[in-house]
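Student: My questions concern the predicted model and sequence given below.
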Number of protein chains: 2
Amino acid sequence: VPGFCEEAAVSDSECLGVVGVGLMGGSVGLAARRSARFSLILGYDVRGDVLRRAVSNGCIDEPCPNLEQLARRSSMVVIATPVHRIADYVLQVVQHIVPGSVITDTGSTKAELVQTVESAVPRETLFVGSHPLCGSEKHGPDAARANLFDNQLVLLTPTKKTRVLAVERVQQFWQSLGARTHLIPPDEHDRILAMTSHLPHLLASCLAGLLSRDVRPFVSSGFRDTTRLASGDPEVWSAIFTTNASNLLSVIKQFRAQLDEFQSALENRDSAGLARLLAAAKGIRDDLGN
Amino acid sequence: VPGFCEEAAVSDSECLGVVGVGLMGGSVGLAARRSARFSLILGYDVRGDVLRRAVSNGCIDEPCPNLEQLARRSSMVVIATPVHRIADYVLQVVQHIVPGSVITDTGSTKAELVQTVESAVPRETLFVGSHPLCGSEKHGPDAARANLFDNQLVLLTPTKKTRVLAVERVQQFWQSLGARTHLIPPDEHDRILAMTSHLPHLLASCLAGLLSRDVRPFVSSGFRDTTRLASGDPEVWSAIFTTNASNLLSVIKQFRAQLDEFQSALENRDSAGLARLLAAAKGIRDDLGN
């Protein structure tokens, strides 16, 4: 394991800084190394053991002892911490970053974060929100993969205040890591993700939480698939849920209405009605592919 | 494709008859062929095209034009149709079967079925309910696999009326197909499966059914995993739900109480409370493995 990086007076021309080197940040490091676009990959994490494992797994070249050094040396900074900590890290990085350097993140909710950042940072700051639609129920740098972003969609959430130059550089960055990019307003992002990602996670956790010990030997692959998301990091997902609470409450309401329909058909022993509901769901699910 | 089997005066000593040759029945045929325990595997299905594909896929040796011929020639009959049709098939097979031959099934609910069969068939009939805890969201003989039962659990649901000889022969049968077996009363089976299998399926279908067309491009692996079960056959699952309605309604009630807890924490923006609920669910899910 190399020692902490020495403080440098000027930023490296193509140095990447990754803040939070778990599954997502670690994978950003590995994919960036594979792209050979950066001469140096720096990492920072409040958890010393995670930072050391990120170095030994090759996710980053050098650990930084503090955020200031990482910010001063990096031309591109990616904040990959739990979402409720991202805005604070962006604001800290902004204080030390070299003009022209770009900041992005990997947070799963965007509206609250983007608003906090934009109301606090100078107009000339090159920040663009990002959200890679990939991941794993695993976490930590040991689960990081260089190919995590390959052909996956990364949503970018620029606003009217975002500099076009920053959007272009962040798009190129994710594309160099193997991803496709798509621009979408932060509010729209959060509304969609409540349905496609946050509700499934919440339902998986509700279901897993119900399973009493005596019935566990009878679980098969269907239960495992349906609850796979429940193995996600509780701190990460608690932050996602609370920063997208109103959209999530709205889709829970929709879900309850759908559950009412199934329950009503079941109470009436209405086989044909149940078959119709199941067939409609099957049609949608089959279209999504594997 | 061989022609229909000729009617035989006496049953083959080790002939297997499979009624319903979709994914489950087709896999029974393939696994039985692999075990080399039967000299002949006969199949019957009301759907002519399914029966033909089962022959061409090697799931069965010969299609039977009617149930009577299959029953007269088979020493072991497996009914692998949708669960609401099983009791009727058992009662038909009983009328023609040779004394000493054994009947079992693969139905996902057991209490209603076992009660119907036991109240209608003679005491000397060798019937034992079975339920292999494996399967796939795919269906039809094209999805059948010889290794579907390998190391999987098959639940047998004998009652006080069930002959010990029949239980032993059905246990040996599933074990020869690669499975492990476990005995459990039919009521207990249905109570457990409502939680471990039927509720997950219902939730997966509810969630898939909610997904509007405009958000489908933003779906990722988490949504796919959580809703995978929704691709199951609507007729099969409608029958499972209605034949286990009261147990399923009971676990839906438990699920709603758990959902209430998550929703309440979310309404209060209670990050710590959400993290505790998520951590409890993660502990249970992590224990289940992959």
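Tutor: Ah, there it is.

Student: Write out the residues of the stretch 1-150 of chain A neighbouring chain B.
Tutor: By Cβ under 8 Å from any Cβ of the partner chain, the residues of the stretch 1-150 of chain A that approach chain B are A:84, A:133-135. Just so you know, the C-beta spots here come from the backbone N, C-alpha and C atoms, and that holds for glycine as well.

Student: Looking at these, which is nearest chain B?
Tutor: residue A:133 (4.4 Å; Cβ to the nearest Cβ).

Student: residues near the closest one, how many?
Tutor: Other residues within reach of residue A:133, judged by other Cβ atoms under 10 Å in any protein chain shown, total 23.

Student: try residue A:280
Tutor: 15.

Student: so how far is the host helix or strand of it off the chain centroid?
Tutor: Applying DSSP states H and E as the criterion places residue A:280 in helix A:271-288. The chain centre lies 31 Å from the centre of helix A:271-288; the measure is Cα atoms, centre = their mean, to the nearest Å.

Student: Need the contact partners of it.
Tutor: A:261-262, A:265-266, B:84, B:204-206, B:208-209, B:211, B:216, B:219, B:223-224, B:227-228, B:230-232, B:234-235, B:237-239, B:241-242 (Cβ atoms under 8 Å, 6 or more residues apart in numbering or on different chains).

Student: in that helix, what counts as buried?
Tutor: Neighbour-count burial for helix A:271-288, counted by 16 or more other Cβ atoms under 10 Å in any protein chain shown, picks out A:271, A:273-275, A:277-279, A:281-282, A:284-285, A:288.

Student: re the thing from before, filter the contacts of helix A:271-288 down to the ones in helices?
Tutor: A:261-262, A:265-266, B:84, B:204-206, B:208-209, B:223-224, B:227, B:234-235, B:237-239, B:241-242 (DSSP state H).

Student: Return a ChimeraX selection command for the buried portion of those.
Tutor: Burial among the ones in helices among the contacts of helix A:271-288 is assessed by 16+ other Cβ under 10 Å; the matching ChimeraX selection reads:
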select /A:262,265,266 /B:84,204,205,206,208,209,223,224,227,234,235,237,238,239,241,242
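
Student: what's near enough to touch residue A:269?
Tutor: By Cβ under 8 Å, 6+ apart, residue A:269 lies in contact with B:242, B:245.

Student: Listing request: residues of the stretch 1-150 of chain A with sub-threshold pLDDT.
Tutor: A:1-13 (pLDDT under 70).

Student: and residue A:198, what is it in contact with?
Tutor: A:108, A:240-241, A:244, A:247-248, A:251.

Student: cutoff 7 Å now
Tutor: By Cβ atoms under 7 Å, 6 or more residues apart in numbering or on different chains, the contact set of residue A:198 is A:240-241, A:244, A:248.

Student: do the same with residue A:227
Tutor: Counted by Cβ under 7 Å, 6+ apart, residue A:227 has contacts A:204, A:207-208, B:285.

Student: closest to residue A:158 among those?
Tutor: The shortest approach to residue A:158 among the contacts of residue A:227 belongs to residue A:204, at 31.3 Å (Cβ to Cβ).

Student: Is it correct that the closest one is in contact with residue A:229?
Tutor: Yes: with contacts defined as Cβ atoms under 7 Å, residue A:204 counts as touching residue A:229 at a distance of 4.0 Å.

Student: what do the two both touch?
Tutor: Residues touching both residue A:204 and residue A:229 (Cβ under 7 Å, 6+ apart): residue B:226.

Student: Quickly check the contacts of residue A:227 for the two that are furthest apart.
Tutor: Using Cβ to Cβ, these span at most 9.1 Å, a distance reached by A:207 and B:285.

Student: What is the burial count for the residue nearest to residue A:195 when sequence neighbours are not counted?
Tutor: Counting by Cβ to Cβ, 6 or more residues apart in numbering or on different chains, the nearest residue to residue A:195 once its immediate chain neighbours are dropped is residue A:251, at 5.0 Å. Using other Cβ under 10 Å, residue A:251 is surrounded by 21 other residues.

Student: Now do the same contact list for residue A:251.
Tutor: The contact partners of residue A:251, by Cβ under 7 Å, 6+ apart, come to A:194-195, A:199.

Student: what does residue A:190 give?
Tutor: Residue A:190 touches A:109-111, A:244, A:247, counting by Cβ under 7 Å, 6+ apart.

Student: and the residues of the stretch 1-150 of chain A next to chain B, which of them are in helices?
Tutor: Using DSSP H, those in helices are residue A:84.

Student: and of the residues of the stretch 1-150 of chain A next to chain B, the nearest to residue A:37?
Tutor: residue A:134 (19.7 Å).

Student: what sits against the closest residue to that closest one other than its chain neighbours?
Tutor: In this structure, residue A:134 finds its nearest non-sequential neighbour in residue A:152, 4.0 Å apart by Cβ to Cβ, 6+ apart. Each residue near residue A:152 by Cβ under 7 Å, 6+ apart is listed here: A:132-134, A:179.

Student: separation between residue A:152 and residue B:117?
Tutor: Separation of residue A:152 from residue B:117 (Cβ to Cβ, to the nearest Å): 51 Å.

Student: swap in residue A:74?
Tutor: Distance from residue A:74 to residue B:117, by Cβ to Cβ: 72 Å.

Student: between those two, which one's more packed in?
Tutor: Neighbours were counted for residue A:74 and for residue B:117 using other Cβ under 10 Å; residue A:74 has more, 30 against 22.

Student: Verify the stated contact: the more buried one with residue A:15.
Tutor: Yes: assessed by Cβ under 7 Å, residue A:74 is found in contact with residue A:15 at 4.9 Å.

Student: and for these two, which residues touch both?
Tutor: By Cβ under 7 Å, 6+ apart, the residues touching both residue A:74 and residue A:15 are residue A:42.

Student: ranges for the strands of chain A?
Tutor: Along chain A, the stretches classed as strands by DSSP state E are A:15-19, A:40-44, A:62-63, A:76-79, A:102-105, A:126-127, A:130-132, A:153-156, A:180-183.

Student: can you redo these as CSV with mean neighbour count?
Tutor: Formatted as CSV, the strands of chain A follow (neighbours: other Cβ atoms under 10 Å in any protein chain shown):
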stretch, mean neighbour count
strand A:15-19, 28
strand A:40-44, 24
strand A:62-63, 20
strand A:76-79, 26
strand A:102-105, 26
strand A:126-127, 24
strand A:130-132, 24
strand A:153-156, 21
strand A:180-183, 14
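
Student: Out of those strands, flag the one nearest residue B:121.
Tutor: Closest to residue B:121 of the strands of chain A is strand A:153-156 (Cβ to Cβ; 57.2 Å).

Student: List the contacts of that closest one.
Tutor: Here strand A:153-156 has contacts from A:128-133, A:167, A:170-171, A:174, A:179-184, A:189, using Cβ under 7 Å, 6+ apart.

Student: one more time with 6 Å
Tutor: A:128, A:130-133, A:174, A:179-184, A:189 (Cβ atoms under 6 Å, 6 or more residues apart in numbering or on different chains).

Student: quick one, what contacts residue A:41?
Tutor: With Cβ under 6 Å, 6+ apart, residue A:41 has these contacts: A:16, A:29, A:32, A:60-61.

Student: Mark which of those are buried, thanks.
Tutor: Neighbour-count burial (16+ other Cβ under 10 Å) is assigned, among the contacts of residue A:41, to A:16, A:29, A:32, A:60-61.

Student: re the thing from before, for residue B:79, state which of the contacts of strand A:153-156 is nearest.
Tutor: Nearest member of the contacts of strand A:153-156 to residue B:79, counting by Cβ to Cβ, is residue A:133, at 44.2 Å.

Student: For residue A:72, see how far away the closest one is.
Tutor: Distance, residue A:133 to residue A:72, by Cβ to Cβ: 32 Å.

Student: same deal with residue A:88?
Tutor: As judged by Cβ to Cβ, residue A:88 and residue A:72 stand 18 Å apart.
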